[in-house]
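**Q** what follows is a predicted structure for the sequence shown.
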Amino acid sequence: MNEKDVILLLQHYRHDLMNHLQIIHGYLSMNKTDRVESKVQESLEYYNEERKLMHLQGTLLTLWVIQFNGYYEDFRLTYQIHTENKKISQSDEQLVRQCNRVISLISHLHEKMELFEAKLLLEDTDKQEVLRVKLSINGNFKDKEEVMKELNGLKLEYQMSIENTNDGIMCTFAIPCEI
């Protein structure tokens, strides 16, 4: 990542933060304290989730998540981290590569102008040295069966199961982690 990329990332990050603060300020000026409390709570939850993401020590994953919504016009990503004190530095590159392959395939197979909601979930498993990754893509697929077939045909680092859900597709796989 060069200096221009870092500055661009910081500008996007600052822009998002300022948007949140302006919304809170607007509610304050209208004396809508219940909405202010709600927005402040949302912000606290967002930054707590970001803290957990950064504590995973997956620098590539952190950058991928932070840059995602600016990079993809037709996807919006949210994420949740349901683990503490785990490190993914050993599988960071492969994890991002696998997520990119899934998103890229779906991006090439869907109608442009269709907005998809992507949700990334990292959670503990029964094995301390393994994390489960769930990447769900919700939206109006032109041909969901074709997308699932193509996803099943991908050669990936981590074995992945693909599930047809009511709202879209759920990709699940496990990655090694350190304690």
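**A** That came through fine.
**Q** buried set for the helix or strand hosting residue 5?
**A** Using DSSP states H and E, residue 5 sits in helix 3-29. Within helix 3-29, the residues that count as buried by 16 or more other C-beta atoms under 10 Å are 24, 27. All C-beta spots, glycine's among them, are computed from the backbone N, C-alpha and C.
**Q** now do the same contact list for residue 173.
**A** Contacts for residue 173 were tallied using C-beta atoms under 8 Å, 6 or more residues apart in numbering; they are 98, 132-133, 156, 158-161.
**Q** make sure it is indeed in a strand.
**A** Yes: counting by DSSP: H, G, I helix; E, B strand; the rest coil, one finds residue 173 located in a strand.
**Q** ok, it to residue 98 distance?
**A** Residue 173 sits 7 Å away from residue 98, going by C-beta to C-beta, to the nearest Å.
**Q** which residues are common contacts for those two?
**A** Shared contacts of residue 173 and residue 98 (C-beta under 8 Å, 6+ apart): 156, 158, 160.
**Q** so which of those residues wins on neighbours?
**A** The residue in those with the most neighbours, by other C-beta atoms under 10 Å, is residue 160 (18 neighbours).
**Q** shouldn't it be in contact with residue 171?
**A** Yes: look at residue 160 against residue 171 with C-beta atoms under 8 Å: they come within range, at 5.4 Å.
**Q** which helices and strands does the helix or strand bottoming out on mean pLDDT in the chain pack with?
**A** Within the chain, no helix or strand scores below helix 3-29, which has a mean of 90 by mean pLDDT, DSSP states H and E. For helix 3-29, the packing partners by 3 or more C-beta pairs under 8 Å, 6 or more residues apart in numbering; DSSP states H and E come out as helix 33-55, helix 59-71.
**Q** residue 11 is nearest to which of those?
**A** For the helices and strands packed on helix 3-29, proximity to residue 11 was assessed by C-beta to C-beta; helix 59-71 is nearest, at 9.6 Å.
**Q** what separation do you get for residue 30 and residue 22?
**A** 13 Å.
**Q** anything in contact with each of residue 160 and residue 171?
**A** Here residue 160 and residue 171 share the contacting residues 102, 151, scored by C-beta under 8 Å, 6+ apart.
**Q** low-confidence ranges in the protein?
**A** Low-confidence segments of the chain, defined by pLDDT under 70, are absent.
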